[in-house]
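> I need the structure of the sequence given here:
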Amino acid sequence: MNTSRISLLASLLKKYSLDLIVLNPGPSMFYFTGLQFHLMERPTLFILNSRGNAAMVLPELEVLKIKTTLPEVDCFTYGDNPNSWSAVIKTAFTGYDLSAPQIGIEPNRMRYLELNFIQQSLTEAQFSSAGPLISSMRVQKEQSEIESMRTAVNIAQQALKNTLPLIKIGMSEKNIAGELIIQMLKAGSDPELPFPPIVSSGPNGANPHAEPSDRKFQSGDTVVIDWGASHKGYFSDLTRTIAIGPLDEELRIIYEAVKNANRAGRISAKPGIPAGAVDRAGRKVIVDAGFGSQFTHRIGHGLGLEAHEEPYMFSENEMILRPGMTFTIEPGIYLPEKGGVRIEDDVVITKDSCESLSTMDRELITISGN
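Model (predicted):
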């Protein structure tokens, strides 16, 4: 358990007028406890009050996972009979001696399953979002977190370099997506990737979140490859667009516009400016090139234990960038029925500027495809 994070979290509960925070399996539970649990049919809960008293509710089969790593945490376990679970969870909450507590939960993580058990245990409880509280801690990364992300970036870059020589005319998007997964695991990625790779060619590239299909690469295609690796639970998220043979004039123009927008976003990012200024800097390049309506998403999003977290890099976001914030810069242009281009890098705000964790060349890579 990260005791310094737990202590800070407990002190923030007072600031946010919360008696308890209750987390179920996910990135935040890992952030505070160092333990990975999967969401499943059995409930698992981490409970903390503002005095720093912590407890966990979990299945008996998981108890060895915490006995050696969290010996100071009260542990409440239950067996396989669901009829016994409610009583165990009530016992866990009884120790906090609260009649009408204010409880913080993560609204995008807490399920009805766990919430219902909490409500049965504390019938007068009031619930509110602990999202802002947790984000205020997670949004600025410690150096160890940044180094894990740097490793995840390097793994992903090496995987694509190993995959590129395999790309040929007639191969399918699914072929390359599958090979990219294999290469990431070979390069050292954690088994749990941030997301399944996107490989979208030709007209499919006009869909920013296309799923790999059986479409085969053809001469004149752009191929958008969006992929990421994981290291010690921390993610990378990169995109490069390659050409199969020579591209027509319009696709070459949009490639240069996206490359320049990516550069403008990276140059603009620094501490003390609003997150939205990064989006505006990159978007201006694409608008000036005449393709503003074909840039259909924000320029980026925070990255860390989740593939999408704060800060979100949309034009209206006034959140001030601070050292340790990590996020993507990924402008794109999408031409319906023709193709798309996206170039994505992972960056971290430093004391006085912005460092790109990704170093892979952003110039257009052209593959003959033969």
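> let me know the helix or strand that the closest residue to Gly188 other than its chain neighbours is in.
Distance criterion C-beta to C-beta, 6 or more residues apart in numbering; nearest residue to Gly188, sequence neighbours excluded, is Ile155 at 5.2 Å. Where you see a C-beta, it was placed from the backbone N, CA and C, and this is true even at glycine. Using DSSP states H and E, Ile155 falls within helix 143-163.
> any buried residues in the next helix-or-strand element following that helix, and which?
Going down the chain from helix 143-163, the next helix or strand is helix 173-186, by DSSP H and E. Using 16 or more other C-beta atoms under 10 Å as the test for burial, helix 173-186 gives 173, 175-181, 183-184.
> so which of those residues comes closest to Pro82?
Relative to Pro82, the closest of these is Ile181; by C-beta to C-beta it sits at 35.8 Å.
> in contact with the nearest residue in space to that closest one that is not next to it in sequence, which residues?
Nearest non-adjacent residue to Ile181, counting by C-beta to C-beta, 6+ apart: Pro197, 6.4 Å away. Residues counted as contacts of Pro197 (C-beta atoms under 8 Å, 6 or more residues apart in numbering) are 177, 180-181, 212, 225-228.
> again with Pro271
Pro271 neighbours (C-beta under 8 Å, 6+ apart): 320-323, 349-352.
> dump these to a markdown table, plus neighbour count.
A markdown table is the format used below for the contacts of Pro271 (neighbours: other C-beta atoms under 10 Å):
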| residue | neighbour count |
| --- | --- |
| Ile320 | 13 |
| Leu321 | 24 |
| Arg322 | 12 |
| Pro323 | 15 |
| Ile349 | 24 |
| Thr350 | 15 |
| Lys351 | 8 |
| Asp352 | 9 |
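> closest one to Thr296 out of the residues you listed, please.
Nearest member of those to Thr296, counting by C-beta to C-beta, is Leu321, at 23.7 Å.
> shouldn't the closest one be in contact with Asp279?
No - using C-beta atoms under 8 Å, Leu321 makes no contact with Asp279, being 11.9 Å away.
> quick check: phi and psi on Gln119?
phi -60, psi -30 (degrees, to the nearest 10).
> skipping its backbone neighbours, what lies nearest it in space?
Here the residue nearest Gln119, using C-beta to C-beta, 6+ apart, is Ala125, at 6.6 Å.
> one more: Pro27?
Leu305 (3.7 Å).
> what's the answer for Ala269, then?
Cys354 (3.8 Å).
> check contacts around the one you found.
Cys354 touches 266-267, 269-270, 347-348, counting by C-beta under 8 Å, 6+ apart.
> and the two most separated of the residues you listed?
Farthest pair in the contacts of Cys354, by C-beta to C-beta: Ile267 and Val348, 14.8 Å.
> between those two, which is the more surrounded one?
Legend: neighbour count by other C-beta atoms under 10 Å for Ile267 and Val348, higher for Val348 (21 against 14).
> tell me which of the contacts of Pro271 fall in helices.
Of the contacts of Pro271, none are assigned to helices by DSSP state H.
> out of those residues, the closest to Ile286 would be?
Leu321 (21.2 Å).
> Ala130 touches Arg109, doesn't it?
No - contact criterion C-beta under 8 Å: Ala130 and Arg109 do not qualify, at 9.7 Å.
> mind checking which of those two has more residues around it?
For Ala130 versus Arg109, neighbours defined as other C-beta under 10 Å are more numerous around Ala130 (25 against 18).
> how near is the closest residue to the more buried one other than its chain neighbours to Ile47?
The spatial neighbour of Ala130 that comes closest, neighbours along the chain excluded (C-beta to C-beta, 6+ apart), is Gly104 at 3.1 Å. Gly104 sits 11 Å away from Ile47, taking C-beta to C-beta, to the nearest Å as the criterion.
> contact partners for the residue nearest the centre of the chain?
Centre of the chain computed as the mean C-alpha position; nearest residue by C-alpha atoms, centre = their mean is Ala307, 1.4 Å away. Going by C-beta under 8 Å, 6+ apart, Ala307 touches 194-195, 228, 235, 237.
> contacts for the helix or strand bottoming out on mean pLDDT in the chain next, please.
Using mean pLDDT, DSSP states H and E, helix 63-67 stands out as the lowest-scoring helix or strand of the chain, at a mean of 82. For helix 63-67, contacts defined as C-beta under 8 Å, 6+ apart pick out 33, 35, 56, 58, 73, 75, 77.
> now the phi/psi pair for the last one, please.
Yep, that's Thr77 we're talking about. Torsion angles, degrees, to the nearest 10, at Thr77: phi -120, psi 160.
> what number of residues lie near the nearest residue to Val139 once chain neighbours are set aside?
Using C-beta to C-beta, 6+ apart and skipping the chain neighbours, the partner closest in space to Val139 is Glu310 (5.0 Å). Neighbours of Glu310 under the rule other C-beta under 10 Å: 21.
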